[in-house]
Structure formats: C-alpha cells, structure tokens
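Asks: Please work out how this folds:
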Amino acid sequence: MSLKRKVQFVAPVAALAVTGFVAWQGYRYVDYVHTNAIVMTRNFYGTLRVKEYDRGEGPNSSRALVHGVINHGWQYTDPELRKEPISYFGPGSGIARALDYYQGKPRRVGIIGLGVGSFTAWGRPGDYFRVYELDPDVVKIAREQFWYLAEARAKIDVVTGDGRLSMERDAPQKFDLISVDAFSSGSIPIHLLTREALQAYKRHLAPGGVIVYNVTNRFVNLAPQLKLVAEAEDMKIVLVEDSPDDDKYSGTSYVLVTQNEQLLADKRFAITRDIEPIKGLQTWTDSYNNLFKVVR
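Replies: Model (predicted):
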C-alpha cells in the first residue's frame, strides 16, 4: 500500500477514534451528572445537584450537594443519624476543636459559606450562628433537601449575598468564631483571603475570638499565604490537620488565626503542624495576589 493510500486510510480511522473517545467521555460526564441526582439546578454561579446514595437502604442512605464536581457536604437521611455533623466537620477537625474551646457559654459563630449546613449541627441551645451565603440556590437547597438548618438547636440566621461585603455592612457581631469556607467548585475566593478581608473579620471578633479557614485542597497550599496575612495583622496562626479512620468524616486541614494565647496553648491544638514557608511568596492584598505561587 502506498504512503498516500495509507494516510487516506489512517486519517478517517483516527478521526473516528477521536470522535468515539470524545463521545465516550461525554457519555461518562452525562452519566456522572445524572446518576443518583434528585435535584438539579443551574444559575450564574454554576450547576448544583443533590445526589442521593443507597436510597431507602436504612442507615447507609445519604444525600450530598455537588457544585460542579466539588462535594459541598452530605448528610444521612435516617432521622437519628442525620443529626450528626459529618464530612469536613468531624470531632477531630480543626473547626470542631475550635468551637469546643468556647464550650460552657452561649457561643456566637459567623460562617462564610453554607454548604448543606453541616457545621450548624454542633450548635447548642443558646448558641447563635449567622451564615453568609453567596448563592441563593444553595440556601434554598439546604432548607428544602437537607435537615441541618431545620433541626438546628442553635438560633440560625442566613444572610444571602457576598460574605465579605455583607460582613462589612454588618454592625460588629462579637463572634467567638468565624468560619471562612467558601470554595466554589474548586475556585479560590481570593477576596476572602487577603489582608483587608482579615481586617474585616477582626472587626467582628469578640475578645479572644478565632478565625478558622478551611484550607483542605489537593491543588493549592494556602496555609503559608494565610500565615503572612496573619502576621501582617499581628495575629498568630496554627495549622490543624485531621485524617480520621471513620469514612463518615473527611480528611481536613484548617488554619486558625487568633490573638488568643490561651487558645493556642490549649491541649485541643497540641496536634498542630508547622507551616513551611514558600520562597518568594508575598502577602495577598486586595490589589495584589499570585495564585501560581501556592499551587502544589
């Protein structure tokens, strides 16, 4: 067979193979999107799906909220088990340990990023949780498809809109703890991680309060950047990592930023890990950031 005829034969075969591969990948994506989905919605902020697993199979039945390809929390459907704070909020997580530090009194908590409301399950009668959530569809889904908000023991207020702007408009809230957990389908909310953002959070802290950032991420290493931001504001920082054995809890990395020396010395945080600096990294501000420097 001549070279010309070989090319004439191979080219259509290659094109057919590529077309088939693309179609197969498209089928896999469509199958992934629709499998187990009981609610699907799309708006300016992306696609949201509520997926239910092991439906009707007792204690294993659960629901998850998926934004793009990122899981934003899940909950058991069993009436008893669904009261548990699971996924990123297990008892060993940095944020659960930080909240536990303030036990023994009514606690005031600010949350940027609702998810399905898992963290509110740690609330007790007398506690107050003020949640700032950008996407109104997330609020609607959390209220209608999950039970954390409806069955919360603490008082819950939800403010819809950009978390930082909403906090800047709010009068000082005197929060014991502020949770910053607003990753949107894997994107990095840089405006929530700058020095000016930390200044806005500090205005809402009660004396001895703490700001807790969820920095759990396979692709970017945010802890060194937050260390620079904290130090610029004369605050201390610790990194708490948790790798639970129980499947209902996710492995997590949380950064705690505070001026509370007693909190930092508390036995709950004896498991903290050193934060290794990144050469050439500079403090992020509203006018400067460099995401490439923190890519793993």
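Asks: All the helices of this structure, residue numbers only.
Replies: 3-34, 94-101, 136-145, 163-169, 195-202, 223-232, 261-265 (DSSP state H).
Asks: Residue 264 reaches residue 240, doesn't it?
Replies: No: counting by C-beta atoms under 8 Å, residue 264 does not reach residue 240; the two are 11.1 Å apart. C-beta coordinates here come from the backbone N, C-alpha and C atoms, glycine included.
Asks: out of the two, which sits in the busier spot?
Replies: Using other C-beta atoms under 10 Å as the criterion, residue 264 and residue 240 rank with residue 240 on top: 23 against 15.
Asks: Who is that one paired with across the strands?
Replies: Note on residue 240: beta-bridge partners by DSSP bridges are residue 254.
Asks: Who are the contact partners of it?
Replies: 93-94, 97, 253-256, 269, 271-273 (C-beta atoms under 8 Å, 6 or more residues apart in numbering).
Asks: ok, of these, which come out buried?
Replies: Among the contacts of residue 240, those classed as buried by 16 or more other C-beta atoms under 10 Å are 93-94, 97, 253-256, 269, 272.
Asks: Redo those residues as CSV? Include distance to residue 117 and pLDDT.
Replies: Formatted as CSV, those follow (distance: C-beta to C-beta, whole Å; pLDDT from 0 to 100):
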residue, distance to residue 117, pLDDT
93, 16, 96
94, 19, 97
97, 20, 97
253, 21, 95
254, 18, 96
255, 22, 97
256, 22, 97
269, 25, 93
272, 27, 83
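Asks: ok, so of those residues, who is nearest residue 142?
Replies: Comparing these against residue 142 with C-beta to C-beta picks out residue 93 as the nearest, at 19.6 Å.
Asks: quick one: the closest one and residue 249 touch, right?
Replies: Yes: counting by C-beta under 8 Å, residue 249 is a contact partner of residue 93 at 7.5 Å.
Asks: quick one, phi/psi of residue 277?
Replies: Here is the backbone geometry of residue 277 (degrees, to the nearest 10): phi -70, psi 160.
Asks: residue contacts, it?
Replies: By C-beta under 8 Å, 6+ apart, residue 277 lies in contact with 224, 227.
Asks: who's in contact with the closest residue to residue 199 other than its chain neighbours?
Replies: The shortest distance from residue 199 to any non-neighbouring residue, by C-beta to C-beta, 6 or more residues apart in numbering, is to residue 233 (6.7 Å). By C-beta under 8 Å, 6+ apart, the contact set of residue 233 is 195, 198-199, 202.
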